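Novice: sequence below, structure please.
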Amino acid sequence: MEEIELLHISNDIANIYRQFIRGKRNARKTDIEKCLTRNFILGTVNEKRSNDKVQVRKYGNLSIMVDMNSLDVLSIYNKKGGNESYINIREKEALNKILGIGSDEMNNKILYQVVGASGSGKDYIVDKICEEFNKKKVISRTTRKSRYKGENTHLFVSEKMADTEFGTAVAKTNFNGYRYYTTYDDIDNKDFYIIDPAGVESMKKQNKLKTTSVFIKTPWYIRAWHMKKRGDGLKNILSRLRNDKVEFKNFTGDLNFKSSKRMYNYFAEEYRNEEI
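Specialist: Numbers count the residues shown, from 1 in each chain. Prediction:
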């Protein structure tokens with residue numbers, strides 16, 4: 001396979017990129033050159049701003065101007081809003097492998113711990129984010145029975161299996177008489193983990209993990225409506241509201257949102273700008 005020649009960037013371009021792209025403040029110059037090379041290859045040509053010597057391509061929200069003779073990046077511009085260039089995830093991942101992008105990212109990968117009371121919309125919104133932006137969520141284990149046929153929010157295990165795994169779990173808690181826990185294999189290479197405050201505290205002891213807690217603080221009456229909509233009985237709804245009032249009373253996350261929609265908007269912007 002023919003080696004891909006990287007674009008060349010100045011220190012000024014590197015600094016502009018670090019300012020534009022979230023999570024890239026400490027990115028190395030060579031890594032930025034790889035990302036910009038990938039983005040330029042996959043980007044859409046701006047015919048109005050391009051000519052025989054200089055070409056401008058847009059990838060996501062990021063426009064890249066390149067001298068086609070020297071392959072020097074002349075400028076980059078990250079414009080939010082307007083028409084966004086389509087990003088093909090498969091093509092992006094294929095070029096990542098060729099260029100060696102992300103080969104050492106696991107050490108810096110953040111696991112977002114999503115916390116919210118019953119009916120806050122955390123499962124729905126995490127699934128939506130994962131589906132739209134090709135992210136992965138942790139499927140934790142529990143001894144409780146599934147609420148409905150085909151429920152995929154947890155791995156439902158027997159008490160016997162939990163007896164062998166619970167003691168060495170990376171995160172674990174008891175709720176309403178059931179055990180909830182996660183193994184190291186469950187969280188490997190995942191982006192989101194729906195968890196409770198006790199689980200967040202438990203994971204703070206794990207020095208290997210880089211985590212950020214996300215708290216969805218949805219009002220009780222909206223949560224009650226969500227629970228009723230999914231088929232919970234009145235007695236169960238009232239019980240959960242009482243328990244959650246105590247459990248979440250003093251909890252605050254690293255990131256805090258008043259609704260699941262606001263959480264979605266935050267991460268949508270985060271991932272649209274990710275590695276572009």
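Novice: C-alpha from now on. contacts and neighbour counts both.
Specialist: Fine.
Novice: tell me the pLDDT at residue 73?
Specialist: We have a pLDDT of 95 for residue 73.
Novice: leaving out chain neighbours, which residue sits closest to the spatially most central residue of the chain?
Specialist: With distances taken as Cα atoms, centre = their mean, the chain has residue 191 as the residue nearest its mean C-alpha position (4.8 Å). Of all residues not flanking residue 191 in the chain, residue 111 sits nearest, at 4.9 Å (Cα to Cα, 6 or more residues apart in numbering).
Novice: and that neighbour, how far is that from residue 196?
Specialist: 14 Å (Cα to Cα, to the nearest Å).
Novice: tell me the contacts of the residue nearest to residue 191?
Specialist: Taking Cα atoms under 8 Å, 6 or more residues apart in numbering as the contact definition, residue 111 lies against 190-193, 209-212.
Novice: minimum pLDDT in those, which residue is that?
Specialist: Among the contacts of residue 111, pLDDT bottoms out at residue 209, giving 72.
Novice: ok, it - contacts?
Specialist: 110-111, 203.
Novice: what's near enough to touch the residue of the chain most remote from its centre?
Specialist: Most distant from the centre of the chain: residue 52, at 39.5 Å, with distances by Cα atoms, centre = their mean. Applying Cα under 8 Å, 6+ apart, one finds that residue 52 lies in contact with residue 68.
Novice: assumed it was part of a helix.
Specialist: No - counting by DSSP: H, G, I helix; E, B strand; the rest coil, residue 52 is not found in a helix; it is coil.
Novice: just to revisit the earlier point, what pairs with the residue nearest to residue 191 across the strands?
Specialist: Residues in a beta bridge with residue 111, per DSSP bridges, are residue 211.
Novice: and the helices in the chain?
Specialist: 11-20, 29-42, 89-99, 122-133, 159-165, 184-187, 197-203, 220-229, 234-247, 260-272 (DSSP state H).
Novice: in stretch 243-251, what's buried?
Specialist: residue 248 (16 or more other Cα atoms under 10 Å).
Novice: contacts for it, please.
Specialist: 117-118, 197.
Novice: from those residues, pick the one nearest residue 60.
Specialist: residue 117 (34.5 Å; Cα to Cα).
Novice: ok, the closest one - contacts?
Specialist: Contacts of residue 117 by Cα under 8 Å, 6+ apart are 216-218, 223, 244, 248.
Novice: before we move on, what about residue 182?
Specialist: 139-141, 169-172.
Novice: per-residue pLDDT of the closest residue to it other than its chain neighbours, please?
Specialist: Spatial nearest neighbour of residue 182, excluding adjacent residues (Cα to Cα, 6+ apart): residue 140 at 5.0 Å. Note on residue 140: pLDDT of 87.
Novice: tally of neighbours for residue 226?
Specialist: Residues within reach of residue 226, counting by other Cα atoms under 10 Å, total 17.
Novice: ok, now residue 199?
Specialist: By other Cα under 10 Å, 20 other residues sit near residue 199.
Novice: quick one: residue 110 and residue 225, what's the gap?
Specialist: Counting by Cα to Cα - residue 110 and residue 225 are separated by 32 Å.
Novice: just residue 114 next, same as before
Specialist: According to Cα to Cα, residue 114 and residue 225 sit 20 Å apart.
Novice: so those two - more neighbours on which side?
Specialist: Set residue 114 next to residue 225 and count neighbours by other Cα under 10 Å: residue 114 wins out with 24 against 15.
Novice: what are the ranges of the strands in the stretch 51-200 of the chain?
Specialist: For the stretch 51-200 of the chain, the strands defined by DSSP state E, counting those that start in this stretch cover 54-59, 62-67, 72-78, 111-116, 141-142, 155-156, 171-175, 178-182, 192-194.
Novice: minimum distance to residue 124: which of the ones you listed has it?
Specialist: The nearest among those, by Cα to Cα, is strand 192-194 at 10.8 Å.
Novice: report all helices and strands that the closest one contacts.
Specialist: Judged by 3 or more Cα pairs under 8 Å, 6 or more residues apart in numbering; DSSP states H and E, the packing partners of strand 192-194 are strand 111-116, helix 122-133.
Novice: how about residues contacting it?
Specialist: 111-115, 122-123, 126, 135-139, 187.
Novice: try 6 Å
Specialist: Applying Cα atoms under 6 Å, 6 or more residues apart in numbering, the contact partners of strand 192-194 are 111-114, 137-138.
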